[in-house]
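# Let's see this in three dimensions:
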Amino acid sequence: MQSSDFIVTRSDLQQCKTIVTEIPDGDALPAEALLVKVDRFAFTANNITYALLGEQLKYWQLFPAPDGFGIIPVWGFGDVIASRHPAVAEGERLFGYFPMATHLVIEAADVGKRGLRDAAAHRQGVAPVYNAYARVGDDPAFAGRHGDHQALLRPLFMLSFLVDDFLAEQAQFGATTVILSSASSKTAFGLAHLLHTQRKGIRVIGLTSPSNAAFVRSLGCYDEVVTYDAVDMLDATSRAAFVDMAGNASLRAALHRHYGDNLVYSGRIGLTHQDGSDDVETLSGARPTWFFAPDQIRKRAKEWGPGGIEARLGAAWQDFAPRLDGWLTIVDGRGPDAVRRVYLDTLQGRIPPDQGHMLTMAA
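Residues are numbered from 1 along each chain as shown. Purely as a prediction, here's the structure:
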């Protein structure tokens, strides 16, 4: 059987193509394996971060590709079209981490009523969430546009939730203002929503480009929206925490110089700016540090016990999700050409912030 796979050159993400690979058909599957047809998946700027950090965080190993190339992981839905596992039937629908491809073979393990895990050797050594698949065929929360919202935003909202939880645990490091760069990004406005609705007394400032400023203001979850060229107008007398979604070293340096010792936290989350540079000067204020979500997950899983994270995240999502219809327009794309176009537009920052793209590799 053949699968169509969208691959990128690891050393130059501008270079991409679709290839055909051979995979086992249903009769040739190993024991307890599943053959899954990838139905539809979300593609956002967060997937570009997966590619940029593919070596460091082992994202490239999850879905093997030819030497020098990689398959970017995506969140989406797949349907089981052949099963060698007695507890998983053909026709089951799964939600989880998929390749940008038409098919995937899963070595099913830890199969339970609500989900299963891919036990393939090359998929180990990463956070467990990246190998987990939810069984969602009968779950209305994953049907239709609700499912699209889950694929587009639920994984990003979990990151927003974990950053908010980390900041709250540290009492925002004594800050009265939290500044978010790349404020139009889905992770940023998810975090802004949590800070705005749950952290009383905290002023939330969004930094964005002039072209995205109107959209960011329309969200209603930022107390102030400031364009990147006007950061020197911010009130530097207040203690501020900076959550850097953009990864722009020049912006980061400008904020550190402006706030000085009043910048009490500088956390790095994303790389949407992709300037390829890092800090070239010693910055005043808090030292920039990476926020690593799996560390917070492990900490809270131990403290909150089984199901504790899921319950709290679920409650936060229930408050957030109803707002998405007014914030995002879902755009569907089908076939390798559509996948390539959305990939390159996302890589170059050409996707309007009020769009969410759901893609299918099959033509």
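
# For the rest of this, base every contact and every neighbour count on C-alpha atoms.
Noted.

# so who does the spatially closest residue to Trp290 that is not a sequence neighbour touch?
Distances taken as C-alpha to C-alpha, 6 or more residues apart in numbering put Arg268 closest to Trp290, at 4.6 Å, once the chain neighbours are dropped. Shown in contact with Arg268 (C-alpha atoms under 8 Å, 6 or more residues apart in numbering): 243-245, 247, 288-291.

# export those residues to CSV and tack on distance to Gln2, secondary structure and neighbour count?
Listed next are the contacts of Arg268 as CSV, based on distance: C-alpha to C-alpha, whole Å; DSSP: H, G, I helix; E, B strand; the rest coil; neighbours: other C-alpha atoms under 10 Å:
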residue, distance to Gln2, secondary structure, neighbour count
Val243, 43, strand, 27
Asp244, 41, strand, 28
Met245, 38, coil, 23
Gly247, 38, coil, 22
Pro288, 46, coil, 18
Thr289, 43, strand, 12
Trp290, 40, strand, 12
Phe291, 39, coil, 19
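
# For burial, what's the neighbour tally of Gly112?
12 (other C-alpha atoms under 10 Å).

# how much space between it and Val126?
With distances taken as C-alpha to C-alpha, to the nearest Å, Gly112 is found 21 Å from Val126.

# What does the residue nearest to Trp290 show for phi and psi?
Per-residue torsions, Arg268: phi -100, psi 130 (degrees, to the nearest 10).

# One more: Pro24?
According to degrees, to the nearest 10, Pro24 has phi -70, psi 140.

# Which residue is the nearest non-sequential neighbour of it?
Met1 (5.8 Å).

# Among the contacts of Arg268, find me the one that's closest to Ala301.
Closest approach to Ala301 among these (C-alpha to C-alpha): Phe291, at 17.1 Å.

# Quick check: Glu32 touching Ala82?
No: Glu32 is beyond contact range of Ala82, at 10.5 Å (criterion: C-alpha atoms under 8 Å).

# Neighbour count: these two, which is higher?
The neighbour count for Glu32 versus Ala82, taken as other C-alpha under 10 Å, is higher for Ala82 (21 against 15).

# On the three-state scheme, Val204 is what?
strand (DSSP: H, G, I helix; E, B strand; the rest coil).

# Okay, and the beta partners of it?
Counting by DSSP bridges, Val204 forms beta bridges with Val178.

# Tell me which residues touch it, please.
Contacts of Val204 by C-alpha under 8 Å, 6+ apart are 177-180, 192, 195-196, 221-224.

# How much space separates it from Phe215?
Taking C-alpha to C-alpha, one finds Val204 at 16 Å from Phe215.

# got it, and Ala311?
Ala311 sits 31 Å away from Phe215, going by C-alpha to C-alpha.

# May I have the predicted confidence score for Pro128?
Note on Pro128: pLDDT of 85.

# Could you check how many residues crowd around it?
Residue crowding around Pro128 was assessed by other C-alpha under 10 Å; the count is 12.

# still on that earlier bit, selecting buried members of the contacts of Val204 in PyMOL, what would you type?
Selection of buried members from those for PyMOL, criterion 16 or more other C-alpha atoms under 10 Å:
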select buried, resi 177+178+179+180+192+195+196+221+222
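
# Go through the contacts of Val204 and flag which are in strands.
Mapping those onto strands (DSSP state E) picks out 177-180, 224.

# which one of those residues sits closest to Ala119?
Looking across these and measuring by C-alpha to C-alpha, the closest to Ala119 is Leu180, at 37.2 Å.

# Read off the pLDDT value for that closest one.
98.

# Check the one 4 residues further on too.
The predicted local distance difference test score for Ser184 is 95.

# tell me the phi and psi of it?
phi -80, psi -10.

# Same question for the one 3 residues further on.
When quoted as degrees, to the nearest 10, the phi and psi of Thr187 stand at phi -70, psi -40.

# Could I get the contacting residues of the closest residue to it other than its chain neighbours?
Sequence neighbours aside, Leu156 is the residue nearest to Thr187 in space, at 5.2 Å (criterion: C-alpha to C-alpha, 6+ apart). The contact partners of Leu156, by C-alpha under 8 Å, 6+ apart, come to 46, 186-187, 190.

# Just put those residues in a markdown table and tack on secondary structure and distance to Ala108.
What follows is the contacts of Leu156, written out as a markdown table (DSSP: H, G, I helix; E, B strand; the rest coil; distance: C-alpha to C-alpha, whole Å):
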| residue | secondary structure | distance to Ala108 |
| --- | --- | --- |
| Asn46 | helix | 27 |
| Lys186 | helix | 31 |
| Thr187 | helix | 30 |
| Gly190 | helix | 32 |
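
# So for those residues, which is the shakiest by pLDDT?
Lowest pLDDT among the contacts of Leu156: Asn46, 88.

# Give me the buried positions along stretch 56-64.
Buried residues in stretch 56-64, counting neighbours by 16+ other C-alpha under 10 Å, are found at 58-63.

# So for that stretch, first residue to last residue, what's the gap.
16 Å.

# Run the chain-centre distance for that stretch.
15 Å (C-alpha atoms, centre = their mean, to the nearest Å).

# Renumber starting at 37 from here on
Noted, 37 is the first residue going forward, which turns the last one into stretch 92-100.

# What are the contacting residues of that stretch?
86-87, 89-90, 106-109, 135, 158-159, 161-162.

# Let me know the closest of the residues you listed to Leu49.
Closest to Leu49, out of all of those and judged by C-alpha to C-alpha, is Ala87, at 8.0 Å.

# is it true that the closest one touches Phe105?
No: Ala87 is beyond contact range of Phe105, at 10.7 Å (criterion: C-alpha under 8 Å).

# anything in contact with each of those two?
Common contacts of Ala87 and Phe105 (C-alpha under 8 Å, 6+ apart): Arg46.
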